[in-house]
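J.: Here's my sequence, what's the structure:
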Amino acid sequence: MTKPYDLILAGGGLANGLIAWRLRQQRPSLRILLLEGGDSIGGNHTWSFHDSDLTAQEWAWIAPLVTQRWPRYQVGFPQLERTLEGGYASISSEDFARIVSADLGPGLRTGAQITGLTPSSVTLASGEVLAARAVVDGRGMRATRHLSLGYQTFLGQELVLAAPHGLQAPVIMDAGVEQQGGYRFVYLLPFGPDRILVEDTHYVDSAAWEPERLRANIAAYAAARGWQVASMLREEHGSLPIVLAGDFDACWDEMQGQPCSGLRAALFHPTTGYSLPHAVRLADYIAGLQDDALDAPRLFAAIREQARLAWESQRFFRLLNRMLFLAGRPESRWRVMQRFYRLPAPLIARFYAGRLRLQDKARLLSGKPPVPVGEAFAAAIKIHPDQIRKPA
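T.: Numbers count the residues shown, from 1 in each chain. So this is what the prediction gives:
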């Protein structure tokens with residue numbers, strides 16, 4: 001079979017979209033095709049990140065996609081309210097799709113329903129078969145028994161209010177709300193004086209969620225704030241994986257040489273689920289590979305090695321996740337996060353960036369724990385999925 005493309009990116013989500021966009025910028029001679037089953041790439045999402053999550057060089061090329069940036073953010077808990085200085089930014093899927101699609105031009109095909117995939121070919125519902133030196137699968141999280149997961153489930157509504165909301169900065173966690181059987185908080189992004197994204201978020205054991213309950217939570221929260229909703233512009237929802245334990249090699253062996261990206265490659269922050277910094281780094285990495293490294297076997301090995309480095313650097317985060325999900329009562333998980341936000345601001349920034357120092361880890365584990373000591377120890381030693389529970 002002839003291979004008319006150097007690289008086909010299957011699925012037009014964040015990770016594959018950034019790979020295609022970065023390659024168009026850095027390697028315009030490559031024959032790239034991004035395939036998306038829907039009408040536009042990016043879906044219906046808001047991706048957020050802290051300034052300190054990215055290097056200056058990464059910020060420079062991602063900046064055109066940023067919808068809004070704030071110089072600080074806030075958190076709130078039953079016994080703590082705090083404002084933290086440091087940039088926080090968001091990218092809307094609408095802006096992402098508009099900019100990336102225009103730059104890709106004929107290198108993007110929407111409405112392309114994929115029915116089959118191999119490391120070097122894609123079969124579409126029409127029966128058309130497309131060939132490439134390599135195909136990157138970016139179609140979201142893959143079910144596997146080799147990972148034990150918790151979940152961050154959420155439903156957000158972008159609202160126009162009848163009067164200004166009064167917020168000057170994002171509130172990335174307002175946990176002063178009824179916990180409802182897990183760690184629950186409300187996430188607020190003020191996009192204008194009277195326009196705001198209100199997201200009801202839960203750290204829970206199952207990916208199952210109840211949209212009507214979350215919608216009712218948002219309505220009750222807005223009413224409690226004294227906000228009168230004039231209209232709803234859009235609604236988004238999702239369920240982000242939170243990794244408790246896993247067998248890295250078994251996960252990747254299951255893929256049988258299929259290059260992948262994003263959540264499918266487990267390239268995301270293991271505790272927050274934030275994936276944009278990892279997607280930026282992977283796009284930069286692939287754009288810097290030599291031409292002969294873009295064949296499927298070499299590309300698979302290269303991405304696997306990047307994922308391995310990330311996995312090994314996240315061991316401590318998985319330990320913290322097990323303490324959050326497996327120690328203490330679910331409705332008391334907010335105490336863990338409240339304690340975390342009492343720590344020095346530079347440590348908090350390094351936590352989100354995934355660059356904790358040895359002394360940071362010691363600080364996080366020192367003092368009186370917010371969960372029972374025995375349960376914390378029992379959670380800490382469960383390092384294999386089979387020791388925890390069957391994954392969903």
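
J.: So Tyr352 sits against His269, correct?
T.: Yes - judged on Cβ atoms under 8 Å, Tyr352 makes contact with His269 at a distance of 7.3 Å. Any C-beta I mention is one placed from the backbone N, CA and C, and that applies to glycine too.

J.: So for those two, which sits in the more crowded spot?
T.: Per other Cβ atoms under 10 Å, whichever of Tyr352 and His269 has more neighbours is His269, with 23 against 19.

J.: all helices for the stretch 151-300 of the chain, in order.
T.: Taking DSSP state H, counting those that start in this stretch as the criterion, the stretch 151-300 of the chain contains helices spanning 211-224, 248-254, 276-287, 296-313.

J.: Using a markdown table, please lay out these together with mean pLDDT.
T.: Putting the helices of the stretch 151-300 of the chain into a markdown table (pLDDT from 0 to 100) gives the following:
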| stretch | mean pLDDT |
| --- | --- |
| helix 211-224 | 97 |
| helix 248-254 | 96 |
| helix 276-287 | 97 |
| helix 296-313 | 97 |
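
J.: element containing the nearest residue to Ile388 once chain neighbours are set aside, please.
T.: Nearest non-adjacent residue to Ile388, counting by Cβ to Cβ, 6 or more residues apart in numbering: Ser148, 4.3 Å away. Using DSSP states H and E, Ser148 sits in strand 147-161.

J.: next one: Thr123
T.: Thr123 belongs to strand 121-124, assigned by DSSP H and E.

J.: helices or strands up against the host helix or strand of Leu18?
T.: Assigned by DSSP H and E, Leu18 belongs to helix 14-26. Contacts defined by 3 or more Cβ pairs under 8 Å, 6 or more residues apart in numbering; DSSP states H and E place helix 14-26 against strand 5-10, strand 32-35, helix 56-62, helix 93-104, helix 276-287.

J.: Residue ranges in the protein under the pLDDT threshold?
T.: Across the chain, the ranges flagged by pLDDT under 70 are 1-2, 369, 389-392.

J.: What residues of stretch 207-216 count as buried?
T.: For stretch 207-216, burial by neighbour count (16 or more other Cβ atoms under 10 Å) applies to 207, 209, 214-215.

J.: ok, these vs Leu358, which is closest?
T.: The closest of the buried residues of stretch 207-216 to Leu358 turns out to be Ala207 (Cβ to Cβ; 34.0 Å).

J.: you'd agree the closest one is up against His237?
T.: No - using Cβ under 8 Å, Ala207 is not in contact with His237, being 11.6 Å away.

J.: Mutual contacts of the two, please.
T.: Thr153 (Cβ atoms under 8 Å, 6 or more residues apart in numbering).
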